[in-house]
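# For reference, the sequence and a predicted model appear below.
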Amino acid sequence: MQFVVALLKKLPIVPIALFIVGVVLGLFIGWGTKEFKDATPFYLRPDLREDYLRMTIDSFRLNQNPNLAVQRWQGLGSTAQEAYTNIQNNPGDQDPAVIQAYGQLVTEVLSSGGGQPTPDPTATGMSPIMRTALIGVGIILVLGVAAAGGMYLFRLFGKRGSGEVTVVMQAAEISRSAAKTNFEDMGLAPPITQTMTTYVLGDDLYDESFSIDTGAGEFLGEYGVGVSEIIGVGEPKKVTALEVWLFDKNDIKTATKVLMSRHAFADAGIRSRLEPKGELVLVEPQAQVLLETATLQLLATLVDVEYGKGPLPDSSYFERVTLELAIWPRQG
């Protein structure tokens, strides 16, 4: 189960896939409900349909064009009779005789089978071919995302069967094998939650976060650790600082402290870039860092630290860092 959780946390393909699928669905829905051309007055509000029919009657009074008069009536579809009845009951400044003559003309023409065909008020303007093509494009995009995700999974975990251990698997195993502190033996109350997390060189996406909940399931906040600063160039990324953070739902600020390598801690330029993020702390084995918010306390213990060896300055980037993160309610 922990392996699956670690996998989900490390996969950038998941948010990318969800984004693409959302875009495809949005385009499909948007196309299906798009505004269509040559809309008829049938789609107007009832008051505007009545205004349209009044203008039609005025036009008929002036030009006496029966075909145009009937065509405009049919543009209103099934709502034409309702609009006409309203005008009859409330002619306003229009001549009731003209209104009556217009109604008789429409009745005679339609009863004799004349006039133009009534527009289909349910037409959406999308042809079956276009709808099918759009669905096909959506399916292709979804399959493409699935294929890309499968390739990414194969690259990340495909060598597991051959016995090769990936950095994600290595980090998870180190965290599982690390012994947790028994705070009760130290005379302290047991923490609300206690977690081991490990960064290993090559885990460029390292960013762990955990929820803080009471035994009754009440959400109190979140905490976590992630990459804060890298040094040098090339792959894998050389992490020279990590940041531990604590979010409290009852506090407007998130507490953050930056855990720095010896080289970064002594470098004025790196310090100046990281100081706005939070208090700077030198990484040392068994060192402890306390973060406090309005109602929570986080104690981060540096269980194990190993520096990488390479062309960069000594003690400038981490080969491995294991942290124990424990949460208590803040007293007082």
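Okay, I see it.
# tell me the phi and psi of residue 283?
phi -80, psi 120 (degrees, to the nearest 10).
# If I look at the residue located most distally from the centre of the chain, what pLDDT would I see?
Distance from the C-alpha centroid of the chain peaks at residue 97, with 62.3 Å (Cα atoms, centre = their mean). At residue 97, the pLDDT value in this model is 88.
# so where do the helices sit in the protein?
2-10, 13-32, 46-63, 66-75, 80-89, 96-111, 128-157, 167-177, 262-266, 268-274 (DSSP state H).
# which helices and strands sit right next to the fifth one?
Put plainly, it is helix 80-89. Counting contacts by 3 or more Cβ pairs under 8 Å, 6 or more residues apart in numbering; DSSP states H and E, helix 80-89 is packed against helix 46-63, helix 96-111. The way it works is simple: take the backbone N, C-alpha and C, and place the C-beta from them, glycine included.
# Please apply the same query to the fourth one.
With contacts defined as 3+ Cβ pairs under 8 Å, 6+ apart, helix 66-75 has these neighbours: helix 46-63, helix 96-111.
# How about the third one?
For helix 46-63, the contact count by 3+ Cβ pairs under 8 Å, 6+ apart identifies helix 66-75, helix 80-89, helix 96-111 as packing neighbours.
# And it, how far out from the chain middle?
Distance, stretch centre to chain centre, for helix 46-63: 49 Å (Cα atoms, centre = their mean, to the nearest Å).
# now stretch 249-259
24 Å.
# Can you list the low-confidence ranges for this protein?
1-17, 28-38, 113-134, 138, 145, 148-164, 332 (pLDDT under 70).
# Got the domain ranges for it?
2-35+125-164, 41-111, 170-329 (automatic domain parsing).
# mind listing what's buried in stretch 280-288?
Neighbour-count burial for stretch 280-288 flags 280, 281, 283 (criterion: 16 or more other Cβ atoms under 10 Å).
# Just confirm the second one contacts residue 289, I think it does.
The reference is to residue 281. Yes - using Cβ atoms under 8 Å, residue 281 is in contact with residue 289, at 5.4 Å.
# and for those two, which residues touch both?
257, 259 (Cβ atoms under 8 Å, 6 or more residues apart in numbering).
# how about the helices of the chain in TSV, adding distance to residue 295?
Output for these, formatted as TSV (distance: least, Cβ to Cβ, whole Å):
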stretch	distance to residue 295
helix 2-10	26
helix 13-32	31
helix 46-63	57
helix 66-75	66
helix 80-89	63
helix 96-111	74
helix 128-157	38
helix 167-177	27
helix 262-266	31
helix 268-274	27
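# and residue 298, which of those helices is closest to it?
Evaluated with Cβ to Cβ, the helices of the chain place helix 167-177 nearest to residue 298, the distance being 17.0 Å.
# for the closest one, packing partners?
Against helix 167-177 (3+ Cβ pairs under 8 Å, 6+ apart) you get helix 2-10, helix 128-157, strand 193-200, strand 318-329.
# For it, buried residues please.
Those buried within helix 167-177 under the rule 16+ other Cβ under 10 Å are 167, 168, 169, 170, 171, 172, 174, 175.
# Residue 278 contacts residue 246, doesn't it?
No - taking contacts as Cβ under 8 Å, residue 278 lies outside contact range of residue 246: 10.3 Å.
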